[in-house]
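Engineer: Show me how the following folds:
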Amino acid sequence: MPARIYMIGPQRDALLALPEDETTVVRHHSLDVNDLAAINSARTPETRLGYALQLCCLRYPGRHLRRGELLPAVMLDHIAEQIGIDAEVIGGFARRTPTRYDQLLAIKARFGFTDLTKPMRATLRAWLEAEAVGLTNGRVLLGNFLDELRFRKIVISGITVVERMAAEAMHAAENRIIADIDNRLDPATHSRLDALIAEKTHDRQSRFSWLREPTPRVASASLVGILDKIALVRGIRTPAIDRRYEPRMEQFAREGVRYTAQAFQQMGSARRHVILVATLREFEATLTDTAIGMFDSLIGRAHLRARKRLEQTVAASADQGRDRLIRVADVLEAVSKAARAGGDIAAAVAAVASLDTIDADAALLRRTTRPGRDNAISEIGPEYRTFKRAGPRFLKAFTFEGRKGTAPLRAAMAILAELDGDWRTALPDGLPLGHIERRWQRYVVTDDKIDRTHWELATYSALAGALAAGDIWVPTSRLHRSLETLLSPSTDPVPAQVSDIPDPHVWLDARAAELDTALLKVSGGLTSGDPALFSGDRLRFPKEPKTDLAERDDGRQFVRTCYNLVPTTRITDVLSQVERWTGFTSHFGHVSTGLPPSDERSFLAAMIAEATNLGLSRMAEVCGVASRRTLLRMQTWHMREETFRAALGCLTDAIQAEPMAAWFGEGWRASADGQAYYLGGAGEAGGQVNAHYGRDPIVKIYTTITDRYAPLHQTVIAGTAGEAIHALDGILGHESNANLSALHVDGGGVSDIVFAVMDLLGLDFEPRIPRLSDRRLYSFEPPKRYGRLAPLFGNRLNRDLIVNHWPDIHRVIRAMRDRTITPSLILKKLSAYRQQNSLAAALREVGRIERTLFTLRWFKDPALRQLVTGELNKGEARNSLARAVAFHRLGRFRDRGIENQQMRAAALNLVTAAIILFNCRYLDRAVSELGSRGVKIDPALLSQLSPLGWDRINLTGDYVWSDGIELDADGLMPLRIPDSYRESMSR
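Structural biologist: Model (predicted):
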């Protein structure tokens, strides 16, 4: 049984530390009339101040004031000011031990403080166990316990006692939950659970291992296989779980997905059964999302193949088009001549070509010259075979719920499920058609008859769109739940006060006035300014001046000089040094115990193997510190999304605090950019081809960094996915203490909805918008009010639409701010509606206001354009460092699952963050060294430095650790001082 809760030293010390910030001091150490009366009963200023200090210390942090303890100045001054005494008199009180002891007894008696006695612990243990049921983090329980002791006025004698009580309560609560859930399982369920890990799908794989296999390539058989797994999970028939146990069940699931069948067999039966139940619940949600994703991919592939077939048909008809047109011209000419001469028209036509040939020519010409866009639906029929078997099975596997407007679609889905792909059963009368999109209609209804193939495909296509948009949802899914459920917090929400939501009319009046003023100012400037800035019906933005070549050369020379002083080292030693500075590996707690990695070098080797794309097997061969099995154990039990996020936050804070980093930026700006990585091997099946990057499948890592180069967040997205909906994930989803207020993105991250969300969150969105000259402006007033700008305007802004959806808009914003939902998930749903969703339309209207204001700023302010370009260049430069780190196996990701790709991206981001911190610290020393040797340093050159250099770091193949590195008093390696510098110093 654990006797302690794992914490690093600073975390443990902070629990009972005296408050050092003014907010905490004012909250806990403000004295009322009764307090002052008791304090004034002391005779001298020294004893009165001592009395007040001991009273406040008993209240918060809830312990005795220690003899000789150094008091924070803000705490001492605040208390002394309230009782009207000079804080300097504290020295006299500290020397009188009997007075301190007598006062302490008097304070406890007067204010009701008691000591933590053994009889009292039994009552507190009951409270602790009840509180621990819904928690998985012992530190949270310990913090709650300390608050409860303060509330009950129980003096905390020391952290060891309460820490042991909290640890015992966590252990007891876990045993209680396991026993309770296991008792609800009948013997038949026990047998089914045991069979899951004992029975084999084939000689070398258990059924449990089969459930955990990564998703194969996009195919109808793959969807059927996923549905088979879901059927197996549901066949276990596990009971409902008490909601209070949900946090623990999630913790058990995190453990269970990592256990092998053999590990399960070595557990006690009760624990094994409960962890299997939790894991199966996780499998069902994950497999549900996987099945829906596979179904959507099959629909997308069907449309893509239809489009390609249409393009091939058009290309083929174009090759034959000249001959066909000449033949049609000959027929028309023969008809005309025969008609004029009174001859036999039929004979004249037959002399040119047969009627079958003419019919074929006419059909092809009509097909290729029909008005409007070519419709790929005409070529989608052959894709029906993909859905004939898998489609009905997919519909039967889930309970689909939806909005009222989806009733025709859900009725059609029910019919499809009942037909089960059996064409021997005729379509029923009154077949629902309300869900059929316009582009499908002429193919579904032909000659007043229903084309079954196209009707079924149209229904499947409509279902995919409705799932993406959130019009239809699956309750057992994690990603495809109803919008109401997604926006609802998992815990009981704090009711939003009406005053929290600004009045929409006041907000719109202010924005309308600001927008009108800005538009009038720009239009007036165009009238009297350079006409070259306005051409036709669009603005022309002037090109930015190029940096002076001499200035650029000076900057490059300075950068080379600084980096020449940085010591040369291996990537292994870089990570070890950064670990000594920050302790970032302590955030990689074991999924079961929360303890950090027991072997630092083995863990760092596994981290480097992931980041460099080398792989665990090759790393085990070259590093010399661990076997592949050890590295795999480190990866499996310590590397998770939440541990990477916490460790990255630790490194981000360290970079932000570096003195050198202050030259790179002010610390409150961030930028986001995507970087493409080609896929290879088994990973190719999960990628998509983006023509911008060639014909090979790719994924993109979308990374957010601060203006001081500190990485904040990363996520893996599909190669063809739009970046706009992911732009907010980084700025809202990081765990650092960076206080960000502005975000810059490149063209892929721009959308009106992102403009709206950023503004409503109180953040500045300053992107580099591609083809900004082609974008429309928007206003509440008629366009003619703005003179020469009038041709640039789109439709007038809809004020009523914004007002009507104002509460819903702020509900979405609140959910993002409180991290109830990932911004990319909700924005993806809002952007997926074919017929524009009214909430999405309202957000888009708000975004158009902000985008118009930003466009006008961009037009008028060259400094803004230079700033945004400079910030985005930092992200692109950081991408070069990431590319240099992940160079093994041609830089291609070969991971089969998105989870593995996410882990590789997180490791890569963490290693680049460590390199950036390493460079910041040593560049700072290098600059100081140059200054100490009399080198005059232009501050403008310091801003041109960047901590992204890797020339002095060996990234390639040499993955061993140095045991005898020479370090100075600060724990740093000596700089590489050139001999010329040493000689100048000796002279």
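Engineer: So which residue is dead centre in this structure?
Structural biologist: residue 729 (4.3 Å; Cα atoms, centre = their mean).
Engineer: My read is that it contacts residue 713, right?
Structural biologist: Yes: with contacts counted by Cβ atoms under 8 Å, residue 729 reaches residue 713, the gap being 6.3 Å. Any C-beta I mention is one placed from the backbone N, CA and C, and that applies to glycine too.
Engineer: what do these two both touch?
Structural biologist: residue 704 (Cβ atoms under 8 Å, 6 or more residues apart in numbering).
Engineer: Tell me the helices and strands packed up against the helix or strand containing residue 649.
Structural biologist: Assigned by DSSP states H and E, residue 649 belongs to helix 641-657. Helices and strands touching helix 641-657, by 3 or more Cβ pairs under 8 Å, 6 or more residues apart in numbering; DSSP states H and E, are helix 571-582, strand 697-706, strand 711-718, helix 898-932.
Engineer: Turn these into TSV, columns for mean pLDDT and mean neighbour count.
Structural biologist: Below are those laid out as TSV (pLDDT from 0 to 100; neighbours: other Cβ atoms under 10 Å):
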stretch	mean pLDDT	mean neighbour count
helix 571-582	95	20
strand 697-706	91	25
strand 711-718	92	23
helix 898-932	93	22
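Engineer: how about JSON lines for these, with distance to residue 76 added?
Structural biologist: Shown next, in JSON lines, are these (distance: least, Cβ to Cβ, whole Å):
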{"stretch": "helix 571-582", "distance to residue 76": "31"}
{"stretch": "strand 697-706", "distance to residue 76": "36"}
{"stretch": "strand 711-718", "distance to residue 76": "37"}
{"stretch": "helix 898-932", "distance to residue 76": "34"}
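Engineer: about what we covered before: give me the average confidence score over the helix holding residue 649.
Structural biologist: Averaging pLDDT along helix 641-657 yields 95.
Engineer: How about stretch 414-427?
Structural biologist: On average, stretch 414-427 scores 91.
Engineer: Centre of the chain to it, how far?
Structural biologist: Counting by Cα atoms, centre = their mean, to the nearest Å, stretch 414-427 is centred 42 Å from the centre of its parent chain.
Engineer: So for it, first residue to last residue, what's the gap.
Structural biologist: One end of stretch 414-427 to the other measures 12 Å (Cα to Cα, to the nearest Å).
Engineer: contacts for that stretch?
Structural biologist: Contacts of stretch 414-427 (Cβ under 8 Å, 6+ apart): 388-389, 391-392, 395-396, 428, 431-432, 450, 452, 455-456, 459-460.
Engineer: And the buried ones among the residues you listed, selectable in PyMOL?
Structural biologist: Buried members of the contacts of stretch 414-427, defined by 16 or more other Cβ atoms under 10 Å, are picked up in PyMOL with:
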select buried, resi 391+392+395+431+432+455+456+459+460
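Engineer: just for the stretch 501-650 of the chain, where's the confidence low?
Structural biologist: Applying pLDDT under 70 to the stretch 501-650 of the chain flags residues 526-552.
Engineer: and after the longest helix anywhere in the chain, which helix or strand comes next?
Structural biologist: Secondary structure assigned by DSSP state H gives helix 269-341 as the longest helix of the chain. Using DSSP H and E, the helix or strand that follows helix 269-341 towards the C-terminus is helix 345-352.
Engineer: what packs against that following helix?
Structural biologist: So helix 345-352, by 3+ Cβ pairs under 8 Å, 6+ apart, packs with helix 269-341.
Engineer: Give the rounded mean pLDDT of the helix it packs on.
Structural biologist: Regarding helix 269-341, the rounded mean pLDDT is 87.
Engineer: One more: stretch 950-969?
Structural biologist: If you average the pLDDT over stretch 950-969, you get 87.
Engineer: got the contact list for it?
Structural biologist: With Cβ under 8 Å, 6+ apart, stretch 950-969 has contacts from 563, 566-574, 576, 601, 605, 608, 612, 614, 619, 622-625, 881, 884-885, 887, 915, 918, 973-974.
Engineer: Just the buried ones from those residues?
Structural biologist: Burial by neighbour count, 16+ other Cβ under 10 Å: within the contacts of stretch 950-969 this picks out 563, 566-567, 569-574, 576, 601, 605, 608, 612, 614, 619, 623, 625, 881, 884-885, 915, 918, 973.
Engineer: Secondary structure element for the residue lying closest to residue 837 once chain neighbours are set aside, which one?
Structural biologist: Among residues not flanking residue 837 along the chain, residue 830 sits closest, at 6.2 Å (Cβ to Cβ, 6 or more residues apart in numbering). Secondary structure from DSSP H and E places residue 830 in helix 823-831.
Engineer: Toward the C-terminus from that helix, list the very next helix or strand.
Structural biologist: Taking DSSP H and E, what comes next after helix 823-831 is helix 838-860.
Engineer: Pull out the buried positions in that following helix.
Structural biologist: Per 16+ other Cβ under 10 Å, helix 838-860 contains these buried residues: 839-856, 858-859.
Engineer: Return the mean pLDDT over it, rounded to an integer.
Structural biologist: Averaging pLDDT along helix 838-860 yields 91.
Engineer: Residue 127 and residue 245, how far apart?
Structural biologist: Distance of residue 127 to residue 245, given as Cβ to Cβ, to the nearest Å: 18 Å.
Engineer: Neighbour count for these two, which is higher?
Structural biologist: residue 245 (20 against 14; other Cβ atoms under 10 Å).
Engineer: ok, now how distant is that one from residue 274?
Structural biologist: In terms of Cβ to Cβ, residue 245 sits 9 Å off from residue 274.
Engineer: now residue 199
Structural biologist: 20 Å.
Engineer: Give me the more crowded residue out of these two.
Structural biologist: residue 274 (28 against 11).
Engineer: pretty sure the more buried one is touching residue 175, no?
Structural biologist: No: under the criterion of Cβ under 8 Å, residue 274 makes no contact with residue 175, lying 10.5 Å away.
Engineer: overlap in contacts of residue 245 and residue 274?
Structural biologist: Joint contacts of residue 245 and residue 274 (Cβ under 8 Å, 6+ apart) are 177, 181.
Engineer: now the helix or strand hosting residue 109, how far from the centre of its chain.
Structural biologist: Using DSSP H and E, the element containing residue 109 is helix 97-111. Here the centre of helix 97-111 is set off from its chain's centre by 53 Å, with Cα atoms, centre = their mean.
Engineer: Would you mark the buried spots in it?
Structural biologist: For helix 97-111, by 16+ other Cβ under 10 Å, it's 99, 100, 103, 104, 106, 107, 108.
Engineer: right, and out of those residues, which lies closest to residue 788?
Structural biologist: Of all those, residue 107 has the smallest distance to residue 788: 77.1 Å, by Cβ to Cβ.
Engineer: Please name the nearest non-neighbouring residue to the closest one.
Structural biologist: Nearest to residue 107 is residue 55, by Cβ to Cβ, 6+ apart, at 5.3 Å.
Engineer: distance of the one you found from residue 434?
Structural biologist: Distance of residue 55 to residue 434, given as Cβ to Cβ: 73 Å.
Engineer: Please identify which of the two sits among more neighbours.
Structural biologist: Using other Cβ under 10 Å, the more surrounded residue of residue 55 and residue 434 is residue 55, with 24 against 12.
Engineer: So which elements touch the helix or strand hosting the more buried one?
Structural biologist: Assigned by DSSP H and E, residue 55 belongs to helix 45-59. The contact analysis (3+ Cβ pairs under 8 Å, 6+ apart) places helix 45-59 against helix 33-39, helix 73-83, helix 90-94, helix 97-111.
Engineer: Give me the angle between that helix and helix 97-111.
Structural biologist: 50 degrees (axes from the mean of the first three to the mean of the last three Cα atoms, to 10 degrees).
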